[in-house]
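Asker: Could you work out the structure for the sequence below:
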Amino acid sequence: MPEWTVRQLVDQLKALGMREGGVLLVHTSFRKVRPVEGGPLGLIGALRRALGRDGTLVMPTMTSGDTVFEPGSTPSYGMGITAELFWRQPGVLRSTHPGGSFAAEGPQAERICQPQPLSPPHGPDSPVGRVHRLGGQVLLLGVTHSENTMLHLAEAIARVPYAVSHPCVVEADGIPRTVMVPETDHCCAGFKLAGEWLRARGLQREGKVGNADACLSDARDLVEVAVEHLAIHPLVFLCPHGTGCGECEAAHASIPGVGSP
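Answerer: As a prediction, this is how the structure comes out:
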């Protein structure tokens with residue numbers, strides 16, 4: 001199979017509706033996109049070129065949280081090779097949340113990577129919250145809405161009743177200690193519903209980038225539609241009780257009056 005050139009990827013991204021000069025949050029699986037000229041760095045180059053010099057590229061670089069976080073050296077965890085290489089590039093900034101960091105490059109990078117509260121990791125005062133506030137777009141490249149961190153912002157805005165706490169190592173006065181960080185955590189399979197909601201309203205662009213299925217939406221559209229559904233059914237993103245999903249059962253159990261006597 002011949003490699004996709006950077007030029008071809010740029011053309012595909014622009015055809016999908018990427019805004020030059022805008023803010024773009026990307027979740028990607030390079031395995032689905034490949035083969036690409038220059039590998040993952042070629043894909044990063046295509047994203048940067050499609051955005052232009054006035055655009056800002058953002059990717060999640062979350063970590064395991066089991067060691068003290070150093071933005072310049074702690075590897076990301078489960079975010080894929082593209083995001084892992086992206087934060088290591090010259091000129092790329094990385095936010096300082098000990099478990100939920102993001103990397104950004106471009107004119108809005110410093111604003112996006114400003115310090116944030118420990119909880120919620122994806123609330124209004126977080127990198128995803130700032131992408132939303134800046135009118136950014138969300139690109140899913142070879143992944144589904146189940147990997148879409150912007151939907152956690154919708155949960156925070158809708159004030160869903162569930163929150164599961166996870167241990168995270170932080171440093172205070174030079175001493176590492178473990179703190180519990182509450183977040184709207186679950187298996188996230190239910191996030192795929194967002195694609196159906198957006199598609200029904202014509203708010204999601206779909207196509208191919210390389211060999212990957214890709215979809216693009218405006219962060220504000222995505223959050224607005226999700227919050228509307230959460231207002232009607234606050235547990236819509238959780239697997240129902242009794243389905244055997246341990247992560248969603250933990251979320252159900254965290255709801256006051258459900259998991260506590």
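
Asker: low pLDDT regions in this protein?
Answerer: Applying pLDDT under 70 to the chain flags the ranges 259-261.

Asker: At which residues are the strands of it located?
Answerer: Remark: strands assigned in the chain by DSSP state E are 23-28, 56-60, 93-94, 102-105, 137-141, 164-172, 175-183, 205-209, 212-218.

Asker: My guess is residue 95 contacts residue 114. True?
Answerer: Yes - the pair residue 95 / residue 114 is scored as a contact, 7.5 Å apart, by CB atoms under 8 Å. Every residue, glycine included, has its C-beta placed from N, CA and C.

Asker: Please identify which of the strands of the chain is closest to residue 235.
Answerer: With CB to CB, the closest approach to residue 235 among the strands of the chain belongs to strand 164-172: 13.7 Å.

Asker: Please point out which parts of the closest one sit buried.
Answerer: Residues of strand 164-172 classed as buried by neighbour count (16 or more other CB atoms under 10 Å): 164, 168-170.

Asker: got CSV for those residues, with distance to residue 78 too?
Answerer: Shown next, in CSV, are the buried residues of strand 164-172 (distance: CB to CB, whole Å):
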residue, distance to residue 78
164, 17
168, 15
169, 17
170, 20
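
Asker: Tell me the one of those residues nearest residue 224?
Answerer: residue 164 (25.3 Å).

Asker: Could you single out the nearest of the buried residues of strand 164-172 to residue 201?
Answerer: Taking CB to CB as the measure, residue 201 sits nearest to residue 164 out of the buried residues of strand 164-172, at 30.5 Å.

Asker: quick one, what contacts the closest one?
Answerer: For residue 164, the contacting residues are 182-186, 247, 250-251, 254, by CB atoms under 8 Å, 6 or more residues apart in numbering.

Asker: Which two of those residues have the greatest separation?
Answerer: 182 and 247 (14.6 Å).

Asker: Leaving out sequence neighbours, find the closest residue to residue 248.
Answerer: Distances taken as CB to CB, 6 or more residues apart in numbering put residue 239 closest to residue 248, at 3.9 Å, once the chain neighbours are dropped.

Asker: My error: substitute residue 64 in the last question.
Answerer: Residue 64 sits nearest to residue 77 (CB to CB, 6+ apart), 4.5 Å away.

Asker: doesn't residue 67 make contact with that neighbour?
Answerer: No - Residue 77 is beyond contact range of residue 67, at 10.6 Å (criterion: CB under 8 Å).

Asker: quick one: residue 107 and residue 62, what's the gap?
Answerer: The gap separating residue 107 from residue 62 is 24 Å, by CB to CB, to the nearest Å.

Asker: same check, this time on residue 82
Answerer: Where residue 62 is concerned, residue 82 sits at a distance of 14 Å (CB to CB).

Asker: Give me the more crowded residue out of these two.
Answerer: Neighbour comparison, residue 82 and residue 62: the larger count goes to residue 82, with 24 against 19 (by other CB atoms under 10 Å).

Asker: which residues does the more buried one contact?
Answerer: If you count contacts by CB under 8 Å, 6+ apart, residue 82 has them with 26, 28, 30, 40, 43-44, 59.
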